[in-house]
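> Sequence first, predicted model second:
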Amino acid sequence: MNLQDYIDSGILEQYCLGLLNSAEAEQVASYCLQYPELREELKSIEAAIEKMSAEKAVETPEKLKDKILARLGFTGNQVLDINNLPPTDAYSNYLSWLQAVEHLLPTEPFEGLNIQVLQQNDKIAQMLVVAKVDVPDESHDNYTESFFILEGKCSCAIDGEEVFLNAGDFLEIPLYAEHNITMLTPTVTAILQYRFV
């Protein structure tokens, strides 16, 4: 086999981009095990694709989720009953939630965390949290924890993997997963939810 012809064919680029069928992909993997030159070329192509992706990456526009939901007919006009709140999830509308809890937002200066319980029973607990400080590493073994961001930006490291959250984002933390939260704006307003197991 002429290795240079094989490299010039573009099959390694197709392999990196996942464009080959399973038989072709297995063949490329097999050749890379046999020929160190191919393995090195594949590493070089992967690095070039990663670099190009990083250079061409764009930040997701703010409020993109809301625009998509509005286009699909889901408007932010749903009125929530503060005495009968639904569980939050990835499809919750943060504007409706913000409107429902607006009268509970702190009006006086405070330090650290301002927490107000919205509801609590044997299945679920929901709290309105306005945070000014980071939350150190923690994990939970008797409830799943989720965050639904209403205002501000933060990041959450879950077992070492970082996730960035903006207004309208929902994140559920698995049981036993070590996690922390870092504020990226002076304050973050969120619905903290526990589902008991």
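Perfect, I can see it now.

> burial measure for residue 149, as a count.
20 (other Cβ atoms under 10 Å). Quick note: C-beta positions are derived from backbone N, CA and C, even for glycine.

> what does residue 31 give?
Using other Cβ under 10 Å, residue 31 is surrounded by 19 other residues.

> Now it: phi and psi?
Backbone dihedrals for residue 31, given as degrees, to the nearest 10, come out at phi -60, psi -40.

> Over to residue 192?
Here is the backbone geometry of residue 192 (degrees, to the nearest 10): phi -100, psi 130.

> Just want to check the distance between it and residue 3.
57 Å (Cβ to Cβ, to the nearest Å).

> between those two, which one's more packed in?
Neighbour count, other Cβ under 10 Å: between residue 192 and residue 3, residue 192 has more, with 20 against 12.

> I am assuming the more buried one contacts residue 126, so please confirm or correct that.
Yes. Residue 192 is within contact range of residue 126, at 7.2 Å (criterion: Cβ atoms under 8 Å).

> Next SSE downstream of the least confident helix or strand in the chain by mean pLDDT?
Scoring the helices and strands of the chain by mean pLDDT, DSSP states H and E places helix 64-71 at the bottom, with a mean of 66. Downstream of helix 64-71, the next assigned helix or strand under DSSP states H and E is helix 94-101.

> Residue 146 is in contact with residue 88, correct?
Yes. At 6.5 Å, residue 88 and residue 146 qualify as touching, with contact defined as Cβ under 8 Å.

> Quickly list what's touching both of those two.
When contacts are counted by Cβ atoms under 8 Å, 6 or more residues apart in numbering, residue 88 and residue 146 have 170, 193 as shared neighbours.

> Next one: the residue nearest the centre of the chain from residue 152, what distance?
Closest to where the C-alpha atoms of the chain average out (Cα atoms, centre = their mean) is residue 163, at 4.8 Å. Distance of residue 163 to residue 152, computed by Cβ to Cβ: 15 Å.
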